[in-house]
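generate coordinates for the sequence data below:
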Amino acid sequence: MHDQTALGADAGYHVEDGLKVLTAEDIDAYIPDNGCRQRDKRYAGREQHKAKPDPLYHKTAKPKIE
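Okay, the predicted model is just below:
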């Protein structure tokens, strides 16, 4: 790699063997660990932004009136 090249990867690539190779080869890499979003304050309220189910649509069976 060139001197000014940095490697970026998804958290799925954060494995100990891979990190050892990157260190041994002196490769500048940015790979988040699998728990990075749980610790990041910027993602604290992310659940409130997910799509909510439609309140007018229910798949449950309606009781039969006899």
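
in the protein, which helix has the most residues?
helix 16-24 (DSSP state H).

so for the worst-scoring helix or strand of the chain on mean pLDDT, what gets flagged as buried?
One helix or strand of the chain scores below all others by mean pLDDT, DSSP states H and E: helix 36-39, with a mean of 78. Judged by neighbour count (16 or more other CB atoms under 10 Å), helix 36-39 contains no buried residues. Every residue, glycine included, has its C-beta placed from N, CA and C.

what about residue 55, how many residues nearby?
Residue 55 is flanked by 6 other residues according to other CB atoms under 10 Å.

how near is it to residue 11?
Distance of residue 55 to residue 11, given as CB to CB, to the nearest Å: 34 Å.

same thing with residue 42?
From residue 42 to residue 11 the distance is 15 Å (CB to CB).

do residue 27 as well
Per CB to CB, residue 27 is found 18 Å from residue 11.

and if you look at residue 54?
32 Å.

same drill for the two, tell me which one is more crowded.
Shown here are residue 54 and residue 11; by other CB under 10 Å, residue 11 has more neighbours (12 against 7).

what does the model give that one for pLDDT?
On the pLDDT scale, residue 11 is placed at 87.

and the closest residue to it other than its chain neighbours, what does it touch?
Nearest residue to residue 11, sequence neighbours excluded (CB to CB, 6 or more residues apart in numbering): residue 32, at 4.7 Å. Shown in contact with residue 32 (CB atoms under 8 Å, 6 or more residues apart in numbering): 10-11, 14.
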